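In: Have a look; sequence and predicted model below, questions after that.
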Amino acid sequence: MDLNDANLQSLMEFLRKTLDPDPLVRRPAEKFLESVEGNQNYPVLLLTLLEKSQDNVIRVCAAVTFKNYIKRNWRIVEDEQNKISDPDRTTVKANIVNLMLRSPEQIQKQLSDAISIIGREDFPQKWPDLLTEMVTRFQSGDFHIINGVLRTAHSLFKRYRHEFKSNELWLEIKLVLDTFAAPLTELFKATIELCQTHAEDINALKVLFSSLTLISKLFYSLNFQDLPEFFEDNMETWMSNFHNLLTLDNKLLQTDDEEEAGLLEMLKSQICDNAALYAQKYDEEFQPYLPRFVTAIWNLLVSTGQEVKYDLLVSNAIQFLASVCERPHYKNLFEDQNTLTSICEKVIVPNMEFRSADEEAFEDNSEEYIRRDLEGSDIDTRRRAACDLVRGLCKFFEGPVTAIFSGYVNSMLAEYAKNPGMNWKHKDAAIYLVTSLASKAQTQKHGITQANELVNLTEFFVNHILTDLKSPNVNEFPVLKADAIKYVMIFRSQLPKEQLLQAVPLLMAHLQAESAVEHTYAAHALERLFTMRGPNNSTLITPLEMAPFTSQLLHNLFKALSLPGSAENEYIMKAIMRSFSLLQDAIVPYIPTLIDQLTQKLLLVSKNPSKPHFNHYLFESLCLSIRITCKANPTTVGSFEEALFPVFTEILQNDVQEFVPYVFQVMSLLLEIHSDSIPSSYMALFPHLLQPALWERAGNIPPLVRLLQAYLEKGAPTIASSAADKIPGLLGVFQKLIASKANDHQGFYLLNSIIEHMPSESIMQYRKQIFILLFQRLQSSKTTKFIKSFLVFINLYGVRYGAIALQEIFDSIQPKMFGMVLEKIIIPDVQKVSGPVEKKICAVGITKILTECPAMMDTEYTKLWTPLLQALIGFFELPEDDSTPDDEHFIDIEDTPGYQTAFSQLAFAGKKEHDPIGETMGNPKILLAQSLHKLSTACPGRVPSMLSTSLNADALQFLQGYLLAASVQLV
């Protein structure tokens, strides 16, 4: 793509079309842009358009497209095509910083993100001048430019907060500190001075305070891994200024908006975070500053209102106190009973109240409410912070804190009892307080795993929770109902089983509640109860105990999906999946109606997939329906195909990328159930599965390979007779997969199925070429994973076609190659093979080479006979060699960057492990003994003499054991 006006104009038109609401206009434009991504100059054209276009919408669209393009393609992945040419990479890096700094803020943010994506890959080695180019802009005095630099630095350095420690990381941080720490400190001081100079200028203050917030965020990132010497030397400058900023109150910066946090709140929140970081990690160095920070933050907490805009500030301030009170040598600050009472009264209780803003979220923004409350993303809510502070205080002061709060809980419950209609929020706060007090340790899988002995959870359940669950009107006091459901859910491991069983039908009733939060919590609670393990590893709640409720449970769950706001509710769908899994055969009578509802839902969501978890559980539920029903009656597979194939066809024709890998997995499951040949409906699809475009997407590869394996297992003769022209296509897929380090094992899965199932004459002409391709890959990049798969393949080939055929095919490629493979690959590396089936294949294959290959007995290969036997006995008796060379790095499929749909394995579409050798061979050690006996009777005297001259004593002893067990001897 040349850099000219015509191409710029054309690109502009396509970008405009990608914004069109009509999918018939939008999709082709998106597809076209995707198709030209690999062309040289494409990123440069985007940046040129972004810089020169007069249309702001196009500029923003070009910026977003550019960022996403960088996100998908900048990382160079081994074995995959590098879509961005080196000249383009150089041009982008040479111009992007300048362009970003000159752009309006909306575009600046996109380009800043792009720089940090490039930086993650290229900085510092391939982009050494990035930092110096950015730091020099601090001198400009233009805060639009300075904030652009700070924003970019923040997105570049924030990964230091969660990276694992490594030498590489230390070196990078050291380089950053050497270049960046001093100029950042100077900028910090200068900006604070400017704030004083412009104290009355609201516009200047807005820009300066956003700079200070970014500087504070950078401080956090640069100090996270360890305390840098520079910051330790300059602690006075930073901490005294942070302290001053915490206590600063500028009327001009106060906002009227009750929802949105202002600049002052954002800055103070970040400073609380910075202080908490130092209090937790560098307490010794921070000790002199701690008391004044505790005082400043305490004053901040008691003087800050209940408005939503202060939530982040208050929660960070409370988190600071929580992190301080957990440290043994700050214990003395909290020991006084009056201090504890004051914290409980002035900080914890007020921040546990259910505010009108929470009520609004509960009613009108249930998804966000659930995300915060259930999924733990409420880290910045007041309630979560107050709960953490309770937990922190209980570490050293459990008795006094429990006593103080018990008083509060009792008075709150008494208030509620006086007038439930008016005072229900008191009970809500009481339940939250009890939960905070009782929870010592918690896991996603088991709920609360360790509780405060001073709180009687069962008594509280009976007296205060059960009443809400039993209330006949499920729509009355929905917040209290949700609290009660959540109580059962989080204390499920602490409550006795009879109370959980008592709760099950009550929870089922709450699935019909109008409140989205309430019926979602009910579904989630049921799903969690169904996963609890009882004695002997079975489920705690058994299908028998659920029998009286089965019909109602399934009815209520599916009905809940039709409630407003829950059409794609992932918690309900997960509960459906878990119910199927628990109930097993009990769902069979309901399957005709259920499969119809699931199929309708699938058709609906495939139009616009937007909830990945919901979709995943939907497919899992389909798989369970199929497995459970077909296990009872395999002939029902046809009715499933009738119901599902029309929807599957539509998904494949419309190329719904998110769903295609799922469809292939479900089809594999269906095809594997068929007992005889492949139905014609599957054969019609077979040629389409070999299209190269399908194999370009990493997420399609595992399910497609499994589907092709199912085709081969069920209908190899059909393929050989009616689709022989497709065999080269099948081998083409193998060739593509084998070339990639990430997918070579998938190539072997396919190849092994071809060798095992295809009639030998149908692939005779291709066999030599297959081996040549494998040797080429061995020469170009030999990895442990490849060697292991290669060993299994050659042994499977020997088992299938015989040891003579194996020796002949090697030697036909190059004379004496069979000996080289034995000496250089099989003997030294067989110990690396893992997996029971794989080990069995190798053991049987090597036995055949030893005992059924004449060339091993009377040619130059004979010298390898004893070392090969020694290797086989070692393979039986020695531990597996799981070492891999230090420099070897396998790419995880999920690591490939970009938006391509990663492969999501359906747990309930699981494939049974297939053993190509089967039960006929029995114990491989006995097989070896019997085969050696047979060989020795064919040429008497040879085998014992070969053993006595060169097999080591340990191996000989093991061999004697095998012979004894097989009741045979060598002659």
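Out: Looks like it came in fine. Remember, it's a predicted structure, so these values are computed and weren't measured experimentally.
In: which element is Leu932 on?
Out: Using DSSP states H and E, Leu932 falls within helix 924-938.
In: looking only at pLDDT, what's the mean for that helix?
Out: Helix 924-938 shows a mean pLDDT of 94.
In: Could you tell me the angle between the next helix or strand after that helix and helix 924-938?
Out: For helix 924-938, the succeeding helix or strand toward the C-terminus, using DSSP H and E, is helix 942-950. Inter-element angle recorded for helix 942-950 and helix 924-938: 110 degrees (by axes from the mean of the first three to the mean of the last three Cα atoms, to 10 degrees).
In: buried set for helix 942-950?
Out: Arg942, Val943, Met946, Leu947 (16 or more other Cβ atoms under 10 Å). Just so you know, the C-beta spots here come from the backbone N, C-alpha and C atoms, and that holds for glycine as well.
In: Over to stretch 164-181?
Out: Glu172, Ile173, Val176, Leu177, Thr179, Phe180, Ala181.
In: out of the residues you listed, which are inside helices?
Out: Glu172, Ile173, Val176, Leu177, Thr179, Phe180, Ala181 (DSSP state H).
In: Tell me the confidence at the first one?
Out: Translated: Glu172. For Glu172, pLDDT reads 93.
In: rewinding a little: of all the buried residues of helix 942-950, which comes closest to Met683?
Out: Val943 (50.1 Å; Cβ to Cβ).
In: any idea how far that closest one lies from Ala296?
Out: 88 Å (Cβ to Cβ, to the nearest Å).
In: packing partners for the helix or strand hosting Pro717?
Out: Per DSSP H and E, Pro717 falls inside helix 701-722. On a contact count with 3 or more Cβ pairs under 8 Å, 6 or more residues apart in numbering; DSSP states H and E, helix 701-722 meets helix 660-673, helix 680-689, helix 692-695, helix 727-738, helix 744-757.
In: same thing but 7 Å
Out: Using 3 or more Cβ pairs under 7 Å, 6 or more residues apart in numbering; DSSP states H and E, the elements in contact with helix 701-722 are helix 660-673, helix 680-689, helix 692-695, helix 744-757.
In: okay, it in PDB with CA atoms only?
Out: What follows is helix 701-722 as a C-alpha-only set of coordinates in PDB (Å, rounded to 0.1, in the frame of the first residue of the first chain):
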ATOM      1  CA  ILE A 701      -7.300 -25.700  16.200                       C
ATOM      2  CA  PRO A 702      -7.800 -28.000  19.200                       C
ATOM      3  CA  PRO A 703     -11.600 -28.600  18.600                       C
ATOM      4  CA  LEU A 704     -11.100 -29.000  14.800                       C
ATOM      5  CA  VAL A 705      -8.400 -31.600  15.300                       C
ATOM      6  CA  ARG A 706     -10.600 -33.500  17.700                       C
ATOM      7  CA  LEU A 707     -13.500 -33.300  15.200                       C
ATOM      8  CA  LEU A 708     -11.200 -34.700  12.400                       C
ATOM      9  CA  GLN A 709     -10.100 -37.400  14.700                       C
ATOM     10  CA  ALA A 710     -13.700 -38.400  15.300                       C
ATOM     11  CA  TYR A 711     -14.300 -38.500  11.500                       C
ATOM     12  CA  LEU A 712     -11.300 -40.800  11.200                       C
ATOM     13  CA  GLU A 713     -12.300 -43.000  14.100                       C
ATOM     14  CA  LYS A 714     -15.900 -43.500  12.900                       C
ATOM     15  CA  GLY A 715     -15.500 -43.400   9.100                       C
ATOM     16  CA  ALA A 716     -12.000 -43.800   7.800                       C
ATOM     17  CA  PRO A 717     -13.200 -46.400   5.200                       C
ATOM     18  CA  THR A 718     -15.900 -43.900   4.000                       C
ATOM     19  CA  ILE A 719     -13.300 -41.100   3.600                       C
ATOM     20  CA  ALA A 720     -10.900 -43.500   1.700                       C
ATOM     21  CA  SER A 721     -13.700 -44.600  -0.700                       C
ATOM     22  CA  SER A 722     -15.900 -41.500  -1.200                       C
END
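In: what is the orientation angle of it with helix 744-757?
Out: Using the same axes, to 10 degrees: helix 701-722 against helix 744-757 is 30 degrees.
In: Show residues contacting helix 701-722.
Out: With Cβ atoms under 7 Å, 6 or more residues apart in numbering as the contact definition, helix 701-722 has outside contacts at 661, 664-665, 667-668, 671-672, 674, 677-678, 683, 686, 689, 694-695, 726, 743, 746, 749-750, 753-754, 757-759, 762, 903, 911.
In: List only those of these flagged as buried.
Out: 661, 664-665, 667-668, 671-672, 674, 678, 683, 686, 689, 694-695, 726, 743, 746, 749-750, 753-754, 757-758, 762, 903.
In: other SSEs contacting the longest helix seen in the chain?
Out: Longest helix of the chain, by residue count under DSSP H: helix 382-418. Here helix 382-418 touches helix 311-325, helix 337-343, helix 420-438, going by 3+ Cβ pairs under 7 Å, 6+ apart.
In: Now distance to Gln512 and mean neighbour count too, for those helices, in JSON lines please.
Out: Listed next are these as JSON lines, based on distance: least, Cβ to Cβ, whole Å; neighbours: other Cβ atoms under 10 Å:
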{"stretch": "helix 311-325", "distance to Gln512": "33", "mean neighbour count": "25"}
{"stretch": "helix 337-343", "distance to Gln512": "42", "mean neighbour count": "14"}
{"stretch": "helix 420-438", "distance to Gln512": "21", "mean neighbour count": "20"}
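In: do you know which of the ones you listed lies nearest Lys611?
Out: Comparing those by Cβ to Cβ, helix 311-325 comes nearest, at 26.8 Å.
In: residues near the nearest residue to Ile202 once chain neighbours are set aside, how many?
Out: Excluding the flanking residues, the one nearest Ile202 by Cβ to Cβ, 6 or more residues apart in numbering is Leu252, at 4.8 Å. Leu252 has 13 neighbours, counted by other Cβ atoms under 10 Å.
In: again, but for Lys782
Out: Neighbours of Lys782 using other Cβ under 10 Å come to 13.
In: what does Lys607 give?
Out: 10.
In: Give me the phi and psi for Phe477.
Out: phi 50, psi 60 (degrees, to the nearest 10).
In: And it, what's its pLDDT?
Out: 96.
In: Tell me who's in contact with the residue nearest to it when sequence neighbours are not counted.
Out: Distances taken as Cβ to Cβ, 6+ apart place Trp424 nearest to Phe477, at 5.3 Å, with adjacent residues excluded. Counting by Cβ under 7 Å, 6+ apart, Trp424 touches Tyr416, Phe477, Val479, Leu480.
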